[in-house]
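*Asks:* got a sequence here, can you build the structure:
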Amino acid sequence: MTETTHARLKQGLVAVLMAGFIGLMTTLSLPVIADPNRNKPEKAGQGNSDRDQPGTHSESGLAVVINAGITVGDARELARSHNLVGGKPLPPGIRKKLARGKPLPPGIAKTRFPDDFYGQLPQHAGYEWQQAGVDLVLVAEGTLIIADILQDVFD
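*Replies:* So this is what the prediction gives:
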């Protein structure tokens, strides 16, 4: 094989590898492109139809998407029916830190819900419900990584 042929084969291989890498990166970014608003918090009083769907897991280890499985409005009505409203909101600086995929900020007192209230919330294996100020938060057990936030449920 001549040196020129070897160089051309090497260039071809590099081009194929780069094309594959670009294709892979494009495929991995499609969910982000498809839903650019997925991390924006809901405004009070607005429901999200995705929350009516049961939680889903990604086995890739890159991302775990769990939806609460209940709308903000339904959770608020449930809280009202159990007289759990009138809560005190978190300070704005701490509330800003509540975000999907991030750990629950330290210093948030764990609130024990009445069993009948907790039992009516959708249950997801490996996750638990916690109250953070006036928000209802679904967190991973042990790590306290936030999976979903239902804002202003307890106001």
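*Asks:* C-alpha only now, for contacts and for neighbours.
*Replies:* Will do.
*Asks:* please report phi then psi for the closest residue to Glu141 other than its chain neighbours.
*Replies:* Computed as CA to CA, 6 or more residues apart in numbering, the closest residue to Glu141 that is not its neighbour in sequence is Tyr127, at 5.1 Å. Backbone geometry at Tyr127, expressed as degrees, to the nearest 10, gives phi -130, psi 150.
*Asks:* quick one: Tyr127 and Ala140 touch, right?
*Replies:* Yes. Look at Tyr127 against Ala140 with CA atoms under 8 Å: they come within range, at 4.3 Å.
*Asks:* more neighbours, those two?
*Replies:* Ala140 (21 against 18; other CA atoms under 10 Å).
*Asks:* mind checking the backbone torsions on the more buried one?
*Replies:* Residue torsions, per degrees, to the nearest 10, at Ala140 are phi -70, psi 130.
*Asks:* and the closest residue to Asp135 other than its chain neighbours, how many residues sit next to it?
*Replies:* In space, and not counting its chain neighbours, Asp135 is closest to Gln151: 4.5 Å by CA to CA, 6+ apart. Gln151: 23 surrounding residues under other CA under 10 Å.
*Asks:* before we move on, what about Ala147?
*Replies:* Residues near Ala147, counting by other CA under 10 Å: 24.
*Asks:* now swap in Gly142 and tell me
*Replies:* 9.
*Asks:* so it is in which element?
*Replies:* Assigned by DSSP states H and E, Gly142 belongs to no helix or strand.
*Asks:* residue contacts, it?
*Replies:* For Gly142, the contact set (CA atoms under 8 Å, 6 or more residues apart in numbering) is empty.
*Asks:* and the pLDDT for it?
*Replies:* We have a pLDDT of 90 for Gly142.
*Asks:* just Met18 next, same as before
*Replies:* pLDDT, read off for Met18, is 63.
*Asks:* do Ala63 as well
*Replies:* 47.
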